[in-house]
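Asker: generate coordinates for the sequence data below:
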Amino acid sequence: MTFEERLEQLKDELQKEDFLEARGLGNEIPFWIFDYPADKELLVRNTVDKIVTGLDKESITVLNIDMYDTCLEILEQIPEEKIIALEKKKGSDALLKKLKLMLKPDVLRNSIMAKVEGAKDPDIIFLTGAGKAWPMIRSHSILNNLQPVFDNTPLVLFYPGEYSEFDLSLFGKLNAKNYYRAFRLINI
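Answerer: Numbering: from 1, shown residues only. Okay, here's the model as predicted:
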């Protein structure tokens, strides 16, 4: 199946009652990953926007959380001058370390959960922006931290890379040998 065919099937899959009700998962949390080639990022962004609009017309509410934008919201707490001064004084690597400390998985989890709670019972949650947010955050740590606090609402991570159902490879190049309890959405 081509990537374009997978994209075409995505909207249909998201409307299925079994998907929306998280049935047939063997009591697993309804976390899904839609992996895609990184060079298709702009096409995926455009398609996600169209899917959200189309599902809304079908009375299916989607909460789309961009992880990069969420990181920026958290980092807005630091005055811009401090960030610039730190980078000038200690360099980009030291700045990245500091940003990673501020964006610990539990901080991101709390921010994501606040958005979910403020959205008034979405039917589906999309996590986008995984590629933009790297290297500040890692997708697997976000998923691992969301699992204990999540209910039965399906969550779909849009991931620019490859998912083997056991590990993620960001951009198809950066490997993370971690176990994931997510399901692949639309197999190849």
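
Asker: wait, what's in contact with Thr70?
Answerer: Residues counted as contacts of Thr70 (CB atoms under 8 Å, 6 or more residues apart in numbering) are Leu108, Ser111, Ile112, Lys115, Gly129, Ala133. Glycine gets a C-beta too; all of them are placed from N, C-alpha and C.

Asker: of the residues you listed, closest to Asp35?
Answerer: Gly129 (14.7 Å; CB to CB).

Asker: ok, now how distant is the closest one from Pro37?
Answerer: 17 Å (CB to CB, to the nearest Å).

Asker: tell me which of the two has more neighbours.
Answerer: Using other CB atoms under 10 Å, the more surrounded residue of Gly129 and Pro37 is Gly129, with 23 against 14.

Asker: pull up the gap between the more buried one and Ser139, please.
Answerer: Following CB to CB, the distance that separates Gly129 from Ser139 is 10 Å.

Asker: over to Leu14?
Answerer: Taking CB to CB, one finds Leu14 at 20 Å from Ser139.

Asker: for Lys100, same thing?
Answerer: Distance check for Lys100 against Ser139: by CB to CB, it reads 14 Å.

Asker: on that earlier part again, list residues touching both of Gly129 and Ser139?
Answerer: Met67.

Asker: where along the chain do the helices fall?
Answerer: For the chain, applying DSSP state H gives helices covering 3-15, 17-20, 41-57, 67-75, 80-90, 92-102, 105-118, 130-133, 139-146.

Asker: which strands or helices does the first one pack on?
Answerer: In terms of contacts (3 or more CB pairs under 8 Å, 6 or more residues apart in numbering; DSSP states H and E), helix 3-15 is packed against strand 31-36, helix 41-57.

Asker: that older thread, more neighbours: which of Lys100 and Ser139?
Answerer: In this view Lys100 and Ser139 are compared by other CB under 10 Å, and Ser139 has more residues nearby, 27 against 13.

Asker: any idea which helix or strand in the protein has the lowest mean pLDDT?
Answerer: Here the helix or strand of the chain ranked lowest by mean pLDDT, DSSP states H and E is strand 174-176, holding a mean of 63.

Asker: center of this protein - which residue?
Answerer: Centroid-nearest residue in the chain, with CA atoms, centre = their mean: Leu127, separated by 2.8 Å.

Asker: mind checking how far that residue is from Ile33?
Answerer: The gap separating Leu127 from Ile33 is 9 Å, by CB to CB.

Asker: anything in contact with each of the two?
Answerer: Contact criterion CB under 8 Å, 6+ apart; residues shared by Leu127 and Ile33: Val156, Leu157.

Asker: what's the local residue count around Asp106?
Answerer: As a burial measure, Asp106 scores 9 neighbours (other CB under 10 Å).

Asker: which residues touch the spatially closest residue to it that is not a sequence neighbour?
Answerer: The shortest distance from Asp106 to any non-neighbouring residue, by CB to CB, 6 or more residues apart in numbering, is to Asn145 (6.1 Å). Applying CB under 8 Å, 6+ apart to Asn145 gives the contacts Pro105, Asp106, Leu108, Arg109.
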